[in-house]
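Enquirer: Prediction below, plus the sequence it came from.
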Amino acid sequence: MSKALIIDDEQQMRRLLRMVLESRDYEVCEAAEGQLGLQEAAFHRPDVVLLDLGLPGMSGIEVLKRLREWSDVPVLILSVRDQETIKVQALENGADDYVTKPFGTAELLARLTVIQRRRFTRQSAEIVVGGLKLDLLHHEATLDDAPLKLTPTEFALLKVLAEHAGRIVTQNQIMKRVWAGQSSDPSEGLRVHINHLRKKLGETGPRIVNEPGIGYRLEEG
């Protein structure tokens with residue numbers, strides 16, 4: 001049975017989330033403020049954390065920063081704030097995904113499934129997203145069992161997206177991973193390489209979805 005930790009100061013929201021999660025056989029614990037949430041995370045060692053940003057006292061971003069000092073547990077942000085800058089801040093501080101309130105329960109459960117599955121697969125030397133397979137040891141890619149010819153930069157870019165399949169990866173995160181140490185602005189090159197990858201993945205491969213102003217998400221086709 002998977003464990004879920006809810007950190008949200010709204011009692012009605014915690015009650016709703018508990019009902020939804022328990023219907024899917026999650027064991028649920030909860031906290032109404034950030035410091036208690038960190039204590040619950042350390043004690044219960046949950047498999048996933050649902051974190052509100054608008055907490056009293058310690059902000060959700062601060063909770064996320066402190067949590068990431070010692071845990072890689074998947075974190076799904078739940079917030080009424082939908083500004084791009086807030087989403088980017090949360091993602092760059094270690095959130096795995098972001099859902100804006102109000103949300104549908106089907107979307108919530110789907111995103112939880114994705115971020116938990118990604119945590120398991122990224123530990124392997126092979127990343128699989130639908131018909132796409134990346135062999136990290138040999139730097140080779142296949143699509144529907146056929147070789148996929150990629151340049152070194154395309155492979156590095158696709159690897160970053162595939163490692164976080166189903167999750168938004170910010171432009172800044174991509175640039176730090178793929179173009180680390182480069183003095184010039186690679187943002188235009190990023191768009192060019194994304195377009196090349198989309199063409200190579202075609203209609204049958206995973207889709208690279210643009211999240212305007214934030215980054216990109218790789219989704220199964």
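Expert: Perfect, I can see it now.
Enquirer: Verify the stated contact: Lys149 with Lys200.
Expert: Yes - if you go by CB atoms under 8 Å, Lys149 and Lys200 touch, sitting 7.5 Å apart. Bear in mind the C-beta positions are built from the backbone N, C-alpha and C, glycine included.
Enquirer: can you list residues touching both of those two?
Expert: Both Lys149 and Lys200 lack any common contact, where contact means CB atoms under 8 Å, 6 or more residues apart in numbering.
Enquirer: of those two, who's got more company?
Expert: For Lys149 versus Lys200, neighbours defined as other CB atoms under 10 Å are more numerous around Lys200 (15 against 9).
Enquirer: Which of the three states applies to that one?
Expert: For Lys200, the assignment made with DSSP: H, G, I helix; E, B strand; the rest coil gives helix.
Enquirer: check contacts around the closest residue in space to it that isn't next to it in sequence.
Expert: Nearest residue to Lys200, sequence neighbours excluded (CB to CB, 6 or more residues apart in numbering): Leu148, at 6.3 Å. Residues in contact with Leu148 (CB under 8 Å, 6+ apart) are 132, 141-142, 200-201.
Enquirer: and with 7 Å instead?
Expert: Residues counted as contacts of Leu148 (CB atoms under 7 Å, 6 or more residues apart in numbering) are 141-142, 200.
Enquirer: Check Leu197 too.
Expert: Listed by CB under 7 Å, 6+ apart, the contact partners of Leu197 are 154, 157-158, 208.
Enquirer: ranges for the strands of the protein?
Expert: Assigned by DSSP state E, the strands in the chain fall at 3-7, 27-31, 48-52, 75-79, 97-100, 126-129, 132-135, 140-143, 146-147, 168-170, 207-211, 215-219.
Enquirer: can I get these in CSV with distance to Val88, mean neighbour count and mean pLDDT?
Expert: What follows is those, written out as CSV (distance: least, CB to CB, whole Å; neighbours: other CB atoms under 10 Å; pLDDT from 0 to 100):
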stretch, distance to Val88, mean neighbour count, mean pLDDT
strand 3-7, 21, 24, 97
strand 27-31, 25, 18, 97
strand 48-52, 16, 24, 97
strand 75-79, 12, 23, 94
strand 97-100, 9, 18, 91
strand 126-129, 23, 17, 89
strand 132-135, 26, 19, 94
strand 140-143, 28, 17, 95
strand 146-147, 35, 9, 96
strand 168-170, 5, 21, 89
strand 207-211, 10, 14, 93
strand 215-219, 8, 21, 93
